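*Asks:* Sequence and predicted model, in that order:
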Amino acid sequence: VVVHLARRLVPAPERFALLQEHIVAQGDRLDRLAARYLGDPERFWGLCDANGAIRPDELTDTVGRRLRITLPEGIPGPFGD
């Protein structure tokens, strides 16, 4: 048996169309933010991609941090981003 992992190439955060920002508050959880903004708690990785995070926990570690809420790559924003 040969085990291998598929590589996942993540575009630069600037390539995602910004919809809005979220200011991290005490007690914020990434799964809940993903459910709120992306409609699915399991899409937390979309928030990681949009904010250039390798470790998901780092996004909610700092109260007051601005998180980018974006569309997936290739989908233009409402202003033609």
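*Replies:* Great, that's in hand. Here the structure is a predicted model, which is why all the values come from computation and not from measurement.

*Asks:* Let me know the secondary structure of the residue nearest to the spatial centre of the chain.
*Replies:* The residue lying closest to the centre of the chain (Cα atoms, centre = their mean) is Leu47, at 0.9 Å. Under DSSP: H, G, I helix; E, B strand; the rest coil, the three-state class of Leu47 is helix.

*Asks:* ok, and the closest non-adjacent residue to it?
*Replies:* Ala34 (5.8 Å; Cβ to Cβ, 6 or more residues apart in numbering). Where C-beta positions appear, they are placed from N, C-alpha and C, glycine not excepted.

*Asks:* For the host helix or strand of the one you found, name the packing helices and strands.
*Replies:* Under the criterion of DSSP states H and E, Ala34 resides in helix 30-38. Using 3 or more Cβ pairs under 8 Å, 6 or more residues apart in numbering; DSSP states H and E, the elements in contact with helix 30-38 are strand 18-23, helix 44-50, strand 66-70.

*Asks:* Pro41 is in contact with Ala34, isn't it?
*Replies:* Yes - the pair Pro41 and Ala34 qualifies as a contact (Cβ atoms under 8 Å) at a distance of 5.2 Å.

*Asks:* residues making contact with the helix holding Ala34?
*Replies:* For helix 30-38, the surrounding residues in contact (Cβ atoms under 8 Å, 6 or more residues apart in numbering) are 19-20, 22, 40-44, 46-48, 56-57, 59-60, 67, 69.

*Asks:* Check stretch 45-64 too.
*Replies:* Here stretch 45-64 makes contact (Cβ under 8 Å, 6+ apart) with 10-13, 16, 23-26, 28-30, 33-34, 37-38, 44, 65, 67-70, 72.

*Asks:* Tell me the buried residues in that stretch?
*Replies:* Gly46, Leu47, Cys48, Asp49, Ala50, Asn51, Ala53, Leu59, Thr60 (16 or more other Cβ atoms under 10 Å).

*Asks:* Ends of that stretch, what's the gap?
*Replies:* Length of stretch 45-64, first residue to last, Cα to Cα, to the nearest Å: 20 Å.
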